[in-house]
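*Asks:* give the three-dimensional model of this entry:
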Amino acid sequence: MNFKVIKDYILGKSAPKDELRLGDWLGRSKENERLLFGAELLYHEGRGDYDRWAADADKVEASLFAEINRLEERRVKVRYLNFIRYAAVALIMLVDGAAVLWLQYGRQHMIDVTAANGVMALTLPDSTKVWLNQGTTLRYPEVFDGDERHVELAGEALFSVTKNPQKPFIVSSEGVRTKVLGTVFDFKTNVGDNHEEVSLLEGKLEITGSHGEGKVIIQPNQKAVIDKNSHTMEVKNVYAPLEAVWHDGMIPFANMSIADIAHVLERFYQVEISLAGNMDRRQTYSGYIRRTDSIDSVLNALMYSIPFRYHKTGNRIRLTRK
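*Replies:* Residues are numbered from 1 along each chain as shown. A predicted model of the protein is given here:
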């Protein structure tokens, strides 16, 4: 058996003996069936999600399906004919070069962006703002067609999504799929121990595990942690803006006491901060402080707004009221 016999049969040019030969060949082995199923898969992949406005592509499709209908009307009694209809079309496309036309007109153009050197900011076709952490890759279409805006993420990114209730924004990774209408969130796919994390800063977020972990809806200052080893998902309460400090280097404080601020600094600088008994724990503060390599520079900057002094011994810091 060869492809020319199958092609001639589909085009209505085969001799009766070749039609019998094709029927015998189909029923002879599972390998022949796998060949045809593989060709069918190739047809669907080559067909892609092409644009209907491509006139040449429409002509090719109409011609091929007309040929299929004509063959069905002949009712040739060949075993597994229903299985090979699209597979035969795929073979014609391969032999005659039509697959090139499908790929040229049909497959949506995708863009892959990787932040190779530091943090990278970009704007998607719908005006959504995205910040990619170093080493992160984002894949998105040149144009958001269809009923949703779908992107794929590997690494860590901060999204500020343009609101469009009629076209949800979808971010998918290996382990999780998020669905948003308009929100700001941090998505991290490369957490240690084979975890992924999604932290919500603003709006509302629906998160679905890709491997049976279930579905949750999180609110601002919540984080969904997906364990890809045990296939579980956990929701934690966090101060979500801290999850996104990497994108602009600014540490945010919103109505925080000096004790809360101390906890934040402990997290970023791996130090232990204690408060003297004369420190005012009721007063709250809001603002931003630039993250630097040194805890001393941060404390010195805070002293302009908060009345305290500090004494540092190794990684231990003591704050006292000024």
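*Asks:* for Val119, give me its contacts.
*Replies:* Trp131, Leu132, Asn133, Gln134, Trp246, His247, Asp248 (Cβ atoms under 8 Å, 6 or more residues apart in numbering). For the C-beta atoms, the positions are set from N, CA and C on the backbone; glycine is no exception.
*Asks:* my read: the third one touches Trp246, true?
*Replies:* Right, Asn133. Yes: counting by Cβ atoms under 8 Å, Trp246 is a contact partner of Asn133 at 5.6 Å.
*Asks:* common neighbours of those two, please.
*Replies:* Common neighbours of Asn133 and Trp246 (Cβ under 8 Å, 6+ apart) are Val119, Glu156.
*Asks:* hang on, the earlier thing: redo the contacts of Val119 as a markdown table? Include pLDDT and secondary structure.
*Replies:* Compiled in a markdown table, these are given as follows (pLDDT from 0 to 100; DSSP: H, G, I helix; E, B strand; the rest coil):
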| residue | pLDDT | secondary structure |
| --- | --- | --- |
| Trp131 | 97 | strand |
| Leu132 | 96 | strand |
| Asn133 | 95 | coil |
| Gln134 | 93 | coil |
| Trp246 | 92 | helix |
| His247 | 90 | helix |
| Asp248 | 90 | coil |
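*Asks:* which of those tops the neighbour count?
*Replies:* Leu132 (23 neighbours; other Cβ atoms under 10 Å).
*Asks:* what are the bridge partners for it, then?
*Replies:* With DSSP bridges as the criterion, Leu132 is bridged to Met120, Ala157.
*Asks:* quick check: bridge partners of the nearest residue to Ile217 once chain neighbours are set aside?
*Replies:* Counting by Cβ to Cβ, 6 or more residues apart in numbering, Ile217 lies nearest to Glu206, which is 5.2 Å off, once chain neighbours are set aside. Beta bridges link Glu206 to Lys179, Ile217, judged by DSSP bridges.
*Asks:* what's the spacing between Glu206 and Val113?
*Replies:* 25 Å (Cβ to Cβ, to the nearest Å).
*Asks:* again, but for Asp248
*Replies:* The value you get for Asp248 to Val113, if Cβ to Cβ is used, is 19 Å.
*Asks:* now do the helices in the stretch 201-322 of the chain.
*Replies:* 258-269, 295-302 (DSSP state H, counting those that start in this stretch).
*Asks:* send me the helix or strand where Gly23 lies as PDB with only the CA atoms.
*Replies:* For Gly23, the host element (DSSP states H and E) is helix 16-26. The C-alpha trace of helix 16-26 is given here as PDB (Å, rounded to 0.1, in the frame of the first residue of the first chain):
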ATOM      1  CA  PRO A  16     -11.800  -1.300  -8.700                       C
ATOM      2  CA  LYS A  17      -8.900  -3.500  -7.900                       C
ATOM      3  CA  ASP A  18      -7.200  -0.700  -5.900                       C
ATOM      4  CA  GLU A  19     -10.400  -0.100  -4.000                       C
ATOM      5  CA  LEU A  20     -10.400  -3.800  -3.000                       C
ATOM      6  CA  ARG A  21      -6.800  -3.600  -2.200                       C
ATOM      7  CA  LEU A  22      -7.400  -0.600   0.100                       C
ATOM      8  CA  GLY A  23     -10.100  -2.500   2.000                       C
ATOM      9  CA  ASP A  24      -8.000  -5.500   2.500                       C
ATOM     10  CA  TRP A  25      -5.100  -3.300   3.700                       C
ATOM     11  CA  LEU A  26      -7.200  -1.500   6.300                       C
END
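*Asks:* list the buried ones in that helix?
*Replies:* Asp18, Glu19, Leu22, Gly23, Trp25, Leu26 (16 or more other Cβ atoms under 10 Å).
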